[in-house]
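1. Just a sequence and a predicted model for now, questions to come.
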Amino acid sequence: MNTSEIQFLDGPQSRLKELKFTFQTMADLIRGLRSLHFIGPCITIFGSARFKEDHPYYDLTRRAAAAFAKLGFTILTGGGPGLMEAANRGAKDVGGKSVGCNIQLPVEQAPNPYLDKWVYMRHFFLRKVLLVKYSFAFVVMPGGYGTLDEYFEALTLIQTHKIHDFPVIIFGKEYHKELLGHIAEMKREATIGEKDTLLYLVTDDIEEAVALIREKSIKQFGLKPKPKAKPLRWLFERA
């Protein structure tokens with residue numbers, strides 16, 4: 001990544017540079033929308049790029065993604081390694097669709113090998129638009145700053161009614177206990193509302209998550225699996 005790509009955060013630039021950035025951003029978003037337009041209803045899974053294949057969180061993510069893919073959802077992730085790879089791999093394990101929305105970084109993050117389709121975005125804010133736009137549920141696995149950024153983005157959009165009340169599911173009770181404690185403190189201090197802690201489910205039980213998605217995604221929004229296309233034999237039959 002060259003320095004010209006990060007100049008826009010350094011304060012006001014010349015009008016020409018600002019105009020160039022505006023058109024680049026618009027072109028990036030249009031490219032992302034066109035690339036992902038036909039991927040179908042998704043479940044987006046957020047999680048760390050740093051957990052390896054032998055870690056229990058990798059196995060949990062892979063199994064959870066497989067269960068969600070069996071419901072007919074496309075599994076959408078950030079497209080990178082770690083738990084993103086585990087989620088995309090879980091979808092492929094059961095013949096489900098697997099899509100990634102990757103990010104251009106100074107140290108290039110290659111797409112994981114379990115993707116049917118992926119798109120690169122230049123900026124995180126555009127990537128988050130795409131990760132939210134096509135999803136009927138959000139699953140939060142253990143992760144770092146990026147995972148929490150994506151989690152709170154989705155949660156804020158639901159809280160402020162910018163998107164529907166989609167399920168938000170947090171896996172990893174032990175990993176997230178300090179975070180959940182801080183959210184409880186926010187509730188005590190009234191910086192969030194009394195009902196805001198009802199916007200997400202905390203669990204380590206994949207079946208409990210599946211049941212919530214059935215109720216609040218599939219049933220609530222009337223989702224139905226698309227029938228497989230049948231060959232048009234009548235075109236070739238004689239009258």
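-> Everything's here; your move. Every value quoted in this text rests on a predicted model; they were computed, and no experiment measured them.

2. Make sure Glu150 is indeed in a strand.
-> No. Counting by DSSP: H, G, I helix; E, B strand; the rest coil, Glu150 is not found in a strand; it is helix.

3. And for it, nearest residue in space, chain neighbours not counted?
-> In space, Glu150 comes closest to Phe46 once its chain neighbours are excluded; the distance is 4.5 Å by CB to CB, 6 or more residues apart in numbering. All C-beta atoms are positioned from the backbone trio N, CA, C, and that covers glycine.

4. Next up, the contacts around that neighbour.
-> By CB atoms under 8 Å, 6 or more residues apart in numbering, the contact list for Phe46 reads 77-78, 131, 138-141, 143, 146-147, 150-151.

5. So for stretch 92-104, what gets flagged as buried?
-> 92-93, 96-103 (16 or more other CB atoms under 10 Å).

6. my bad, should have said stretch 41-55
-> For stretch 41-55, a neighbour-count test (16+ other CB under 10 Å) marks 41-49, 51, 55 as buried.

7. Can you pull the poorly scored residue ranges out of this protein?
-> 1-10, 106-108, 225-239 (pLDDT under 70).

8. Okay, helices next: where are they in it?
-> Secondary structure of the chain by DSSP state H: the helices cover 15-36, 56-70, 83-93, 124-133, 145-159, 177-188, 206-213.

9. okay, the ones you listed in TSV with distance to Phe171 next?
-> Formatted as TSV, the helices of the chain follow (distance: least, CB to CB, whole Å):
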stretch	distance to Phe171
helix 15-36	24
helix 56-70	6
helix 83-93	10
helix 124-133	17
helix 145-159	11
helix 177-188	12
helix 206-213	8
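
10. about what we covered before: tell me the two of the contacts of Phe46 that are most distant?
-> Greatest spatial distance among those (CB to CB): Val139 and Gly146, at 14.8 Å.

11. what's the distance between the residue nearest the centre of the chain and Lys17?
-> By CA atoms, centre = their mean, the chain has its centre lying nearest to Thr44, at 2.8 Å. Note on Thr44: its distance to Lys17, by CB to CB, to the nearest Å, is 33 Å.
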